[in-house]
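> predicted model and sequence follow; I will ask about them next.
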Amino acid sequence: MNIRFVLNILFASQTEDPAEWLPRLKEALPHDRFFTNPEADIDIALVATPPEGTFEALKSLKLVQSLWMGVERLLADPAFPKGVPLARLVDPGMVAAMSESVLAHVLDWHRHHYIYRVQQDARRWQRLKQYLASDRTIGLLGLGELGSDAARKLGALGFNLVGWSRRPKKLEGVTCLTELNAVLERSDVVVCLLPLTPQTRHILNERTLRRIRLGGAVINVARGSHVVAEDLIAVLDSGHLAHAYLDVFEHEPLTHEHPLWTHPGITITPHTAALTEPRTALPKVIENIERLRRGEPPLNLVDLDAGY
């Protein structure tokens, strides 16, 4: 007879709404116990920006399950329990939403909509040259779950694709390289989908941004610290890049007086490129909980040395 161990599960988040998660969790796991305040005998912590002091109280922790794909904030917490496995969330709904955002920005640039909006404000009727998708090359920085899905969908529209990753990759329809400059120099648009690590912090700076093809664009939907904002402004002002799409910033929310708000070459969204979707994320969370219960390794464990 199989014995089902009861697990004590903490939900701790300052950003994810417990009303969206806890009823679904309790329905899926009716025999487990759920908490919203840290207790010493918690087995699993489901977290996204947990309140300060959360980890100090957890003495029996066996798994930290992030409710986000990015985990750099958790790893930066000095109280994060050493030796406890950390799993990031690979949410199909979030992956789909990210690709939708990438496609929206690429097409906005490709079809000149960012220029036509300015012309509308000026009541100016002027047609711009039309390009085929096959005239454009999109550079993807990061070829994991997000980059791979975006590549499939951009490729289906006919764009040329080149991608950069730290480790060698093979993706159908993508020229995969491990040399960053080679990717940038081939790209009309660069899409940043990288995890944030010491190696990728400020990877998009004046030197690298100027390697993107003249008149191109940069799209950052990963982390704000990938881009040096002052350098981006300088490259836009020089006319080398035509536009930038920024969803993430080093300090959020973006301060009222920040020059990014009013720059004519920048489109801003408030970190909404891809939000965790409980309806599609829940099965992934449940699967890792059940794997832990069965004594199996959870899926999508973070390589603590690599940072993702």
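Received the coordinates, thanks.

> for the longest helix along the chain, which helices and strands make contact with it?
Assignment by DSSP state H gives helix 92-110 as the longest helix of the chain. With contacts taken as 3 or more C-beta pairs under 8 Å, 6 or more residues apart in numbering; DSSP states H and E, helix 92-110 sits against helix 145-156, strand 189-192, strand 216-220, strand 241-246, helix 278-293. (C-beta placed from N, C-alpha, C; glycine too.)

> so which bits of the helix or strand following it are buried?
Once helix 92-110 ends, the next helix or strand along the chain (criterion: DSSP states H and E) is helix 113-121. Across helix 113-121, burial judged by 16 or more other C-beta atoms under 10 Å covers 114, 116.

> strand partners (parallel or antiparallel) of the next helix or strand after helix 113-121?
Once helix 113-121 ends, the next helix or strand along the chain (criterion: DSSP H and E) is strand 137-141. The pairing partners recorded for strand 137-141 under DSSP bridges are strand 160-164 (parallel), strand 189-192 (parallel).

> nearest approach to His113 belongs to which of these?
strand 189-192 (13.7 Å; C-beta to C-beta).

> model confidence over that closest one, on average?
Per-residue pLDDT over strand 189-192 has a mean of 98.

> go on, stretch 208-215?
Rounded mean pLDDT across stretch 208-215 is 98.

> hmm, back to that, turn the helices and strands packed on helix 92-110 into JSON lines, including distance to Pro85 and mean neighbour count.
Listed next are the helices and strands packed on helix 92-110 as JSON lines, based on distance: least, C-beta to C-beta, whole Å; neighbours: other C-beta atoms under 10 Å:
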{"stretch": "helix 145-156", "distance to Pro85": "19", "mean neighbour count": "20"}
{"stretch": "strand 189-192", "distance to Pro85": "28", "mean neighbour count": "27"}
{"stretch": "strand 216-220", "distance to Pro85": "30", "mean neighbour count": "27"}
{"stretch": "strand 241-246", "distance to Pro85": "33", "mean neighbour count": "23"}
{"stretch": "helix 278-293", "distance to Pro85": "9", "mean neighbour count": "18"}
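
> give me the three-state assignment for the residue nearest to Ile42 when sequence neighbours are not counted.
Distance criterion C-beta to C-beta, 6 or more residues apart in numbering; nearest residue to Ile42, sequence neighbours excluded, is Leu10 at 4.5 Å. What DSSP: H, G, I helix; E, B strand; the rest coil gives for Leu10 is strand.
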